[in-house]
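K.L.:
Fold the following.
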Amino acid sequence: MELMRRLGVKGNVAERTLYRVLERIGRFFPVLLERYQRFVEENDLVDNRQIIDFSSTYFEGWKADFAAYGYSRDRTPDKMQINFGISTGINGIPTAITIQRGNTQDKKHMREMLKVIPGVIPKGSLLIFDSGANTKGNKEKIRESGFHYLTLKAKKVKTYRKYVEYFKNNFEDVDILEINERHYYCVKKMEKGEVFYIFFSPELYMDQLRVKERRFEREKEKGNKILRRRKKERIPCDKGWVELIPFLQRTIVDMSNPYITGIEGFFILECSLDAEPEKVLRLYKERDKAEKFIRALKEGIELHPIRHWSKWCIIGIFFICFLANFLINLTLVLSNSSPVKECEVTQKIFDKFVTNHCLSSKWF
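P.N.:
Below you'll find the predicted structure:
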């Protein structure tokens, strides 16, 4: 009601009227997002280091247009999902939001995000994202658009072993660094116009070994299913190859852990820029800003569960939550001022945005 008074609305507003406005916001979402991007650009709030991340929330109900079963980050696989992506600067100011069906993969969702952010971020900006969106096509699109990228290489054993071997053979070129009381060893490799930063962390190595040992012990207690993960030995003979099938017997020697692959403690960052390993790693660790933004959307502003069925209402509620989180983060950006001054500046910016970019429209 306080907001209604600020907008010059007298008396109470019916709930049905609010939902109607929400639907209108959803229908004109592309235009409003473009106006929002123009607003943050005009006020010099756009950071040239953008973090892109994707998440999902779930529905209560079965008839929503965007509803689809998919990977649930909220651990509710029995509920239909909706996926959304955000792009936010390291300074905490978001620049874009995208909304997709619940079964949209991150690599496809990334292509939609790359249609939205070029209009607001400056050329030469660095896009930081996780391995889920790391594809050759997405990286090529980023470079064609005049941007750079920093991403995690998907952890596939066969691929990683090749780089682990390179790390061992070129250890004389290693860079040693320490971040947040963790030690890292890095060897760089140039390959097809990309720079691969091969990192090894002793602390990460020990953590991963402990996890795999616990998992191995749990599987052994369940029975001999663990044997299915062991590769069958093959030996040649005159008639062909003889395959040895393992079977469970009384223990003579300790059974090796099949979950240990030899790449524990390693991770690889791919980047289109050649920079100091410490700077690259610190930039990638800034991804937690996007994760915190998403957590604030889902928990702080209570975005989930979604109870609207209309496609436009769903888009509208996402955009309203996005704007609310923007105002919260804007307050934090201005936190160097006194609390009173900070609130005054935030209120002025909010009033300017509402007046110039919302109330000026004939839709409202």
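
K.L.:
Extract the C-alpha trace of stretch 283-297 and format it as CSV.
P.N.:
Taking Å, rounded to 0.1, in the frame of the first residue of the first chain, the C-alpha atoms of stretch 283-297 are listed here in CSV:
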residue,chain,number,x,y,z
LEU,A,283,37.8,-13.7,-10.8
TYR,A,284,36.3,-17.2,-11.1
LYS,A,285,35.7,-17.3,-7.3
GLU,A,286,33.6,-14.2,-7.7
ARG,A,287,30.8,-16.4,-9.1
ASP,A,288,29.5,-16.6,-5.6
LYS,A,289,28.0,-13.1,-6.2
ALA,A,290,25.6,-14.6,-8.8
GLU,A,291,24.8,-17.5,-6.4
LYS,A,292,24.0,-15.1,-3.6
PHE,A,293,21.8,-13.1,-6.0
ILE,A,294,19.8,-16.2,-6.9
ARG,A,295,19.6,-17.3,-3.3
ALA,A,296,18.2,-13.9,-2.4
LEU,A,297,15.6,-14.2,-5.2
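
K.L.:
pLDDT (mean, whole number) over it?
P.N.:
Regarding stretch 283-297, the rounded mean pLDDT is 89.

K.L.:
what do you get for stretch 155-172?
P.N.:
93.

K.L.:
Check stretch 56-65 too.
P.N.:
76.

K.L.:
Endpoint to endpoint, that stretch covers what distance?
P.N.:
Terminal residues of stretch 56-65 lie 15 Å apart, using Cα to Cα, to the nearest Å.

K.L.:
cool, and stretch 87-97?
P.N.:
The first and last residues of stretch 87-97 sit 7 Å apart, counting by Cα to Cα.

K.L.:
List the buried residues of it.
P.N.:
87-90, 92-97 (16 or more other Cβ atoms under 10 Å). (Each C-beta comes from the backbone N, C-alpha and C, glycine too.)

K.L.:
all helices for the stretch 201-350 of the chain, in order.
P.N.:
202-222, 277-285, 288-295, 311-333, 339-354 (DSSP state H, counting those that start in this stretch).

K.L.:
Which one of those helices lies nearest to Gly102?
P.N.:
Set against Gly102 and scored by Cβ to Cβ, these come closest in helix 311-333, at 11.2 Å.

K.L.:
The closest one to helix 288-295, inter-axis angle?
P.N.:
130 degrees (axes from the mean of the first three to the mean of the last three Cα atoms, to 10 degrees).

K.L.:
So which elements touch helix 311-333?
P.N.:
Secondary-structure packing of helix 311-333 (3 or more Cβ pairs under 8 Å, 6 or more residues apart in numbering; DSSP states H and E): helix 15-27, helix 29-42, strand 81-89, strand 94-101, helix 339-354.

K.L.:
run the last query once more with 6 Å
P.N.:
Packing contacts for helix 311-333, counted by 3 or more Cβ pairs under 6 Å, 6 or more residues apart in numbering; DSSP states H and E, involve helix 15-27, strand 94-101.

K.L.:
Give me the sheet partners of the shortest one and which way each runs.
P.N.:
The reference is to strand 94-101. Partners of strand 94-101 in the sheet, by DSSP bridges, are strand 81-89 (antiparallel).

K.L.:
re the thing from before, export the helices of the stretch 201-350 of the chain to CSV and tack on distance to Tyr149 and mean neighbour count?
P.N.:
Putting the helices of the stretch 201-350 of the chain into CSV (distance: least, Cβ to Cβ, whole Å; neighbours: other Cβ atoms under 10 Å) gives the following:
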stretch, distance to Tyr149, mean neighbour count
helix 202-222, 23, 13
helix 277-285, 11, 17
helix 288-295, 15, 18
helix 311-333, 24, 19
helix 339-354, 30, 14
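
K.L.:
is it true that Ile117 touches Gly85?
P.N.:
No: using Cβ atoms under 6 Å, Ile117 makes no contact with Gly85, being 10.1 Å away.

K.L.:
Have a look at these two and say which one is more surrounded.
P.N.:
Gly85 (24 against 20; other Cβ atoms under 10 Å).

K.L.:
Bridged to the more buried one, which residues?
P.N.:
With DSSP bridges as the rule, Gly85 is bridged to Phe54, Thr98.

K.L.:
so how far is Ile315 from it?
P.N.:
13 Å (Cβ to Cβ, to the nearest Å).

K.L.:
do Phe199 as well
P.N.:
For Phe199, the distance to Ile315 - Cβ to Cβ - is 39 Å.

K.L.:
ok, now Arg161?
P.N.:
45 Å.

K.L.:
Next: Ile328.
P.N.:
21 Å.

K.L.:
repeat for Ile128
P.N.:
Per Cβ to Cβ, Ile128 is found 26 Å from Ile315.

K.L.:
returning to what we had before: just send the helices and strands packed on helix 311-333 back as CSV, with distance to Glu221 and mean pLDDT too.
P.N.:
Listed next are the helices and strands packed on helix 311-333 as CSV, based on distance: least, Cβ to Cβ, whole Å; pLDDT from 0 to 100:
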stretch, distance to Glu221, mean pLDDT
helix 15-27, 51, 75
strand 94-101, 40, 92
